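Student: Predicted model follows, preceded by the sequence.
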Amino acid sequence: WVKAHFPDPAIPLALGIGPYHRDTEYICNLAWSQVQIALGHFKEASTFVQPALKIAGERGLLFRLAELSILQALIQDGLGDPSASLKALEQALEVSETCGYTRFFDGGSRLDRLLQQIAEKKIHAPFIQRLAASFPRTAAKGSQPHPIKAQPNLVDPLSERELEVLRLLADGLA
């Protein structure tokens, strides 16, 4: 799927605001971009993330702006542009701290490193400390990972639609 799929630039981005088939397209493209980033294909991922980020900003879609800004930070870091990476991450932190979003930041060691770099600059440091406390990481190599604590008071739990898409993915139907 990762090799065969490519976001169609001719289809306008709805960014998860409906109708259903557009939500599905957005979620698929978002997942595709995350896989591309994980594989180190940063330019490919940017073909979806950059235009989607622009539209999210223009439409004031703060939830999407936050999640896409983090992907943009990872892309810019992968492309070797630390300044652009930290700028994108700062935008994600600004929106997320204001709106109370947290789950976007549980993105692994690369994102942890970027968060540490931006915290060292005293940018959103208290919020970053709260984020770090919410997402325990594996201790030393070879040790057992910390159990993920239930977070019943999350500000942004998964929506019914997100849960539905995850069930479809698990069933191999999406």
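Tutor: Arrived safely, thanks for sending.
Student: all contacts plus neighbour counts: C-alpha atoms, from now on.
Tutor: Will do.
Student: Name the helix or strand for the residue nearest in space to the middle of the chain, please.
Tutor: Per CA atoms, centre = their mean, the C-alpha nearest to the average position across the chain is that of Glu67, at 3.9 Å. In this assignment (DSSP states H and E), Glu67 forms part of helix 62-78.
Student: list the helices and strands that helix packs on?
Tutor: For helix 62-78, the contact count by 3 or more CA pairs under 8 Å, 6 or more residues apart in numbering; DSSP states H and E identifies helix 20-39, helix 42-59, helix 82-99 as packing neighbours.
Student: let's see 6 Å
Tutor: On a contact count with 3 or more CA pairs under 6 Å, 6 or more residues apart in numbering; DSSP states H and E, helix 62-78 meets helix 42-59, helix 82-99.
Student: How far away from the center of its chain is whichever strand or helix holds Leu168?
Tutor: According to DSSP H and E, Leu168 maps onto helix 160-170. Its chain's C-alpha centre and that of helix 160-170 lie 17 Å apart, by CA atoms, centre = their mean, to the nearest Å.
Student: List the buried residues in it.
Tutor: Val165 (16 or more other CA atoms under 10 Å).
Student: one step back: any idea how far the residue nearest to the centre of the chain lies from Phe105?
Tutor: 9 Å (CA to CA, to the nearest Å).
Student: Could you do Gln129 as well?
Tutor: Taking CA to CA as the measure, Gln129 and Phe105 are separated by 12 Å.
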